[in-house]
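**Student:** The sequence and its predicted three-dimensional model are supplied below.
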Amino acid sequence: MTEGMQKFWHRCSVGSLVALILLCVLWETWLAPLGDKWLALKVLPLLFPLRGVIKRDVYTMQWASMLVLLYFIEGVVRGTATSGYDAGLAATLALIEIGLVVTFFLSTLCYLRPYKRAAKQLAKQAIMKAADNE
C-alpha cells in the first residue's frame, strides 16, 4: 500500500472518530435527547483512544476499532426502537452513527493491514530462524 493511501485511511479514521464524538454529544444534548443530558457522557470511552488514533498508535487503533462496535450496536438499537415525536430524527441520527462507526472500523482495518502483514512476516522469519537453530 502506498504512503498516500496510508494517509488517506488514517484521515478517514480520525475524521470518522471525531465526527462520531460530535454526533453523540449533539444527539444527547440538543438534537434528539432521550431526556437526561448526562447521556452525553457516553462519548467518554471514545475520547480515550482519540489521541492514540491521531498519533497513529497501532495498538490503540486496534482496540478502538473494537470499542466502536458498541456504538454500532447502539445505533442499530436506537434506529429500530424509536418512537415518539422525534422518531424520524432519531432514526436518521442512528443511521449516521452506524455509518460513522462502519467508516471508522473499515478505514482503521485498511490502515492497519500493512502492519499486520509485517508482523506476520516477522513471526514467520522468527519461526524459520528458530527451526534453523535446532
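**Tutor:** Right, received. Where do you want to start?
**Student:** Could you check how many residues crowd around residue 9?
**Tutor:** Neighbours of residue 9 under the rule other Cβ atoms under 10 Å: 20. Quick note: C-beta positions are derived from backbone N, CA and C, even for glycine.
**Student:** hang on, I meant residue 79
**Tutor:** With other Cβ under 10 Å as criterion, residue 79 counts 17.
**Student:** Of all the residues in the one helix or strand residue 15 maps to, which ones are buried?
**Tutor:** Here residue 15, judged by DSSP states H and E, is contained in helix 3-26. Under the neighbour-count criterion of 16 or more other Cβ atoms under 10 Å, helix 3-26 has 6, 9-10, 12-14, 16-21, 23-25 buried.
**Student:** ok, so of those residues, who is nearest residue 72?
**Tutor:** Using Cβ to Cβ, residue 20 comes nearest to residue 72 of the buried residues of helix 3-26, at 10.2 Å.
**Student:** In space, what's closest to that closest one - neighbours in sequence excluded?
**Tutor:** The shortest distance from residue 20 to any non-neighbouring residue, by Cβ to Cβ, 6 or more residues apart in numbering, is to residue 100 (4.3 Å).
**Student:** and the one you found, helix, strand or coil?
**Tutor:** Secondary structure state of residue 100, per DSSP: H, G, I helix; E, B strand; the rest coil, is helix.
**Student:** Can you spell out which helices and strands pack onto the helix holding residue 15?
**Tutor:** helix 44-54, helix 58-80, helix 87-133 (3 or more Cβ pairs under 8 Å, 6 or more residues apart in numbering; DSSP states H and E).
**Student:** Let's see that with 6 Å instead.
**Tutor:** helix 44-54, helix 87-133 (3 or more Cβ pairs under 6 Å, 6 or more residues apart in numbering; DSSP states H and E).
**Student:** what's the burial count for the residue nearest to residue 20?
**Tutor:** Other residues near residue 100 come to 24 when the count uses other Cβ under 10 Å.
**Student:** ok, of the helices and strands packed on helix 3-26, where does mean pLDDT dip lowest?
**Tutor:** Lowest mean pLDDT of the helices and strands packed on helix 3-26: helix 87-133, a mean of 91.
**Student:** Which strands and helices lie in contact with that one?
**Tutor:** Using 3+ Cβ pairs under 6 Å, 6+ apart, helix 87-133 sits against helix 3-26, helix 58-80.
**Student:** Many thanks, I have nothing further to ask.
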